[in-house]
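A.B. asks: Based on what follows, work out the 3D shape:
(one chain, ligands or ions: 1)
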Amino acid sequence: MLNQLTAAEIAAKLRAKEVSAREVTQSFLDRIVKEDPHYNAFLTVNSDQALAQADQAQSKIDSGEHHPLCGIPIALKDNLSTRNIKTTCASRILENYVPPFTATSVQKLDDIGAISIGKTNLDEFAMGTTNENSAFGSVHNPWDTERAPGGSSGGSAVAVSAELAPLSLGSDTGGSIRFPAALCGVVGFKPTYGRVSRYGLVAFASSLDQIGPFAKNVEDAALLANAISGHDPLDSTSLKNSQINTSDLKTGSLRGLRLGIPEELFGPEIDPQVREVFELACDNLAREGAEIKRLSLPSINYGVTTYYIIAPAEASSNLARFDGVRFGPRIEKEGHIESFSATRGELFGPEVKLRIMVGTYALSSGYYDAYYHRAQQVRGLMTAEFERAYQDLDFIISPTSPIVAPKLGGITDQMALKALDLCTIPANMGGFPSISIPCGLAYDLPVGFQLTGPVMSDEKILQASYAIEQAFGRDYRRPPIL
Ligand code: GLN
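C.D. replies: Numbers count the residues shown, from 1 in each chain. Down below sits the predicted model:
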């Protein structure tokens, strides 16, 4: 069954001419039609275009010179702009919006012959932790369809976990790749800020947003990270020499790897069973020669509150462009101001409106110093604290999420929901690369193991993750429903 294979395994079959790119693409398209009604992971499926791309990919494969991802279907979070294909950000305000250009990360995949199979569901404008904020319905977790997949890239996580696509792309502003990857039992990687171009990613919080891969294992995640990374003149925050090199991926060892667990990420917030699975995983790594230390990084205690000032502040500015004139539908009223407020008032969902209000307040004169400026100071302190820790450590480790996948509708306290971002937020604050690897099950649901490293340590973090995945024994577990 093709759907059970990793991208690297499918690539080998394509190379050996055991299957054609069209057969691969068709088999995933068929699977989406049949299975996605259980999950609601896809908002748009590009059947015709994907098959046309598959035929082009096949000619590349036949010519003998091709990239390993040529002919491999990839699902794209629906906040990545795709020319001639709807890009909704799971918002009514962009319902039926068709961009006139393609995001650089997606363009790079097109250029190497990867197949854009469809656009995946997300929390509206990537604002959320459970994927329940989509204007087009919640996404369901294949481990238990009454549970949330995590957000905001829930559709992309489920696409891989439910084997509807071998790979997918998501975006991570405060954990939106790693968190759903953890809850769905797949690998999710957020590269160093600036290594993947943000051009064409609909901006949420520009200083935190980063695009990255979801995959069944680290090898596949590294393949995709390599393909989408690299300098882009169209993104002014893109780093020079930023392509992620994965040639040494399989040469790492756990012996002497210095890992640190901050006590602030291992407190009472962590579910006792998640804690146990994480501790067993650490014991396993220690037996293989990793050195695991405990440390304290006190600024982590302010991470969630700081993030929930900075992210909404940036969002309030970025989302000002959705005025019913330039993008998407417009609710026509007597005057311009009336049309503007009717469009924004009726077409943005409640969480997005809340954040625009909080962000506008935090940036307003008289409050700017007390909130936004102070949050930026804390962000600086936190980054410095992590950088100091990296002088004696290779990576900071913790569970990716304090809990396993919650029931849909199960968390009603908005503060409790936001507190779940505790472990993932610091990486975005410092622009650090960070990955979530499945490390076991608690309550029969997946638990993620997170590693965060210094800026530009992407190669090292992937190499260590590859070795860690081998130590964990089973790199990929299928949800029992499949
Ligand atoms: N859960 C966080 C939020 O709601 C992170 C979202 C993200 O990374 N896009 O903002």
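
A.B. asks: Tell me the residues on the stretch 51-200 of the chain that lie near the ligand, please.
C.D. replies: 126-129, 152, 172-176 (Cβ under 6 Å from any ligand atom). Glycine gets a C-beta too; all of them are placed from N, C-alpha and C.

A.B. asks: Correction: the previous question concerned the stretch 201-350 of the chain.
C.D. replies: 204, 311.

A.B. asks: So residue 235 versus residue 411, what's the distance?
C.D. replies: As judged by Cβ to Cβ, to the nearest Å, residue 235 and residue 411 stand 35 Å apart.

A.B. asks: Among the residues of the stretch 51-200 of the chain next to the ligand, which are located in strands?
C.D. replies: residue 172 (DSSP state E).

A.B. asks: Tabulate the residues of the stretch 51-200 of the chain next to the ligand in CSV, adding columns for neighbour count and pLDDT.
C.D. replies: Output for those, formatted as CSV (neighbours: other Cβ atoms under 10 Å; pLDDT from 0 to 100):
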residue, neighbour count, pLDDT
126, 30, 98
127, 28, 98
128, 24, 98
129, 27, 98
152, 35, 98
172, 28, 98
173, 28, 98
174, 28, 98
175, 32, 98
176, 36, 98
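
A.B. asks: Okay, and residue 254 sits in which element?
C.D. replies: Per DSSP states H and E: residue 254 is located in neither a helix nor a strand.

A.B. asks: What about the closest residue to residue 431 other than its chain neighbours, how many residues nearby?
C.D. replies: Take residue 431 and drop its neighbours on the chain: the residue closest to it by Cβ to Cβ, 6 or more residues apart in numbering is residue 193, 3.2 Å away. Neighbour count for residue 193, taken as other Cβ atoms under 10 Å: 23.

A.B. asks: can you check residue 259 too?
C.D. replies: When neighbours are defined as other Cβ under 10 Å, residue 259 has 20 of them.

A.B. asks: For it, list the residues it contacts.
C.D. replies: Residues counted as contacts of residue 259 (Cβ atoms under 8 Å, 6 or more residues apart in numbering) are 282, 285, 290-293, 393-397, 451.

A.B. asks: Out of the residues you listed, who's the most crowded?
C.D. replies: Neighbour counts for these, by other Cβ under 10 Å, peak at residue 451, which reaches 28 neighbours.

A.B. asks: wait, that residue sits on residue 400?
C.D. replies: No. With contact defined as Cβ atoms under 8 Å, residue 451 does not count as touching residue 400 (9.6 Å).

A.B. asks: re the thing from before, tell me the one among the contacts of residue 259 nearest to residue 460.
C.D. replies: residue 394 (7.0 Å; Cβ to Cβ).

A.B. asks: residues in contact with the closest one?
C.D. replies: Residues in contact with residue 394, defined by Cβ under 8 Å, 6+ apart, are 257-259, 453, 457, 460, 464.

A.B. asks: Which of the residues you listed fall within helices?
C.D. replies: 460, 464 (DSSP state H).

A.B. asks: Pretty sure residue 223 sits against residue 69.
C.D. replies: Yes. Applying Cβ under 8 Å, one finds residue 223 in contact with residue 69, separated by 6.1 Å.

A.B. asks: Mutual contacts of those two, please.
C.D. replies: Taking Cβ under 8 Å, 6+ apart as the contact rule, residue 223 and residue 69 both touch 7, 167.

A.B. asks: Which residue of those two possesses the greater neighbour count?
C.D. replies: Each of residue 223 and residue 69 has its neighbours counted (other Cβ under 10 Å); residue 69 has more, 28 against 22.

A.B. asks: How about that one, nearest residue that isn't a chain neighbour?
C.D. replies: residue 114 (4.6 Å).

A.B. asks: what separates that neighbour from the ligand, distance-wise?
C.D. replies: Noted for residue 114: a distance of 23 Å to the ligand, by Cβ to the nearest ligand atom, to the nearest Å.

A.B. asks: same check, this time on residue 456
C.D. replies: Distance from residue 456 to the ligand, by Cβ to the nearest ligand atom: 21 Å.

A.B. asks: Next up, phi/psi of that residue, please.
C.D. replies: phi 70, psi 10 (degrees, to the nearest 10).

A.B. asks: ok, for it, nearest residue in space, not its chain neighbours?
C.D. replies: The spatially closest residue to residue 456, leaving aside those adjacent along the chain, is residue 192, at 5.5 Å (Cβ to Cβ, 6+ apart).

A.B. asks: From the structure, what's the count of residues near the one you found?
C.D. replies: If you count neighbours by other Cβ under 10 Å, residue 192 ends up with 24.

A.B. asks: Once you drop chain neighbours, what's closest to the residue in the stretch 251-400 of the chain positioned nearest to the ligand?
C.D. replies: Nearest residue of the stretch 251-400 of the chain to the ligand: residue 311, at 5.4 Å (Cβ to the nearest ligand atom). Closest residue to residue 311 apart from its sequence neighbours, by Cβ to Cβ, 6+ apart: residue 205 at 4.2 Å.

A.B. asks: That'll do, ta.
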